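> next one to model:
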Amino acid sequence: MATTIVLVRHGETDWNRERRFQGHADVPLNEEGRRQARVLAELLASESFAAAYSSPLRRALETAEIIAERLGIGFEPSAGLKEVDVGSWSGLTTTEVEQRFPDGFGHWSVSRDGGWTDGETYEELGTRVVSEVFELAERHPGERVLVVTHGGPIRSVLAIAAGLPFGSGRSKIGFVENCEMVQVAVREGAIEPVD
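Okay, the predicted model is just below:
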């Protein structure tokens, strides 16, 4: 029996708009991000979920609050769903990173694997997030679960579903838009894509 995990990326923040690395920074949604969350909440209004979980970072919490209020459900924050820790790159634009950390930026821009040295690797992120997804599936066997998180965690889950390594999976999976929603199924210790 499969558990369906519906993954949602948080709404837009000013740092998204400015193309700043956010990582573990606790940045709030901007007005557009709140609007995106309300639109998604309306799209999900006819669906039912056994449970809902969110990254504890403010941008995800705000998105989850908007959706959960519309659906009439509660949600639980979970640290395992946080975005990758980008260390000293947090708050910087790609131009600023390129100027301050040229070697790391060069590595990141070619491989899209972490170029920072004082945060998490994509392997560490992926291991953390996928472990959390398996734990949620164990808590809710055969049910639908809503998870509000970030682009990095969603790409990590999609990489496993596609049989790709966490780091290289980033470039193959591509960008996850604000308030984009994807589904996976967790069945017999495996994560599978859902069309």
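
> which residue is nearest the middle of this structure?
H150 (2.2 Å; CA atoms, centre = their mean).

> where does this structure dip in pLDDT?
111-113, 168 (pLDDT under 70).

> which stretches of it form strands?
Secondary structure of the chain, counting by DSSP state E: strands at 3-9, 51-54, 76-77, 144-149, 181-187, 190-193.

> one step back: could you find the closest non-adjacent residue to the residue nearest to the centre of the chain?
Counting by CB to CB, 6 or more residues apart in numbering, E83 is the residue found nearest to H150 once chain neighbours are left out, at 3.8 Å. C-betas here are computed from N, CA, C, even on glycine.

> what separates the one you found from H140, distance-wise?
23 Å (CB to CB, to the nearest Å).

> same check on R34?
28 Å.

> what do you get for P28?
29 Å.

> between the two, which has more neighbouring residues?
Counted by other CB atoms under 10 Å, P28 and H140 do not tie: H140 has more neighbours, with 18 against 15.

> so the more buried one touches Y53, yeah?
No: here H140 does not reach Y53: they are 9.8 Å apart, not a contact under CB atoms under 8 Å.

> remind me, longest helix of this structure?
In terms of residue count, the longest helix belonging to the chain (DSSP state H) is helix 122-139.

> now do that one: which elements does it pack against?
Helices and strands touching helix 122-139, as assessed by 3 or more CB pairs under 8 Å, 6 or more residues apart in numbering; DSSP states H and E, comprise strand 3-9, strand 51-54, strand 144-149, helix 151-161, helix 166-173, strand 181-187.

> of the ones you listed, which approaches V110 most closely?
If you check each of the helices and strands packed on helix 122-139 against V110 by CB to CB, helix 166-173 wins as the nearest, at 9.6 Å.

> orientation of that closest one relative to strand 181-187 in degrees?
130 degrees (axes from the mean of the first three to the mean of the last three CA atoms, to 10 degrees).

> what's the spacing between helix 166-173 and its chain's center?
With CA atoms, centre = their mean, to the nearest Å as the basis, helix 166-173 stands 14 Å off its chain's centre.

> and it, what does it pack against?
Against helix 166-173 (3+ CB pairs under 8 Å, 6+ apart) you get helix 102-111, helix 122-139, helix 151-161.

> so which bits of the shortest one are buried?
Pointing back at helix 102-111 there. 104-105, 108 (16 or more other CB atoms under 10 Å).

> chain center to it: distance?
For helix 102-111 - counting by CA atoms, centre = their mean - the centre lies 22 Å from the chain centre.
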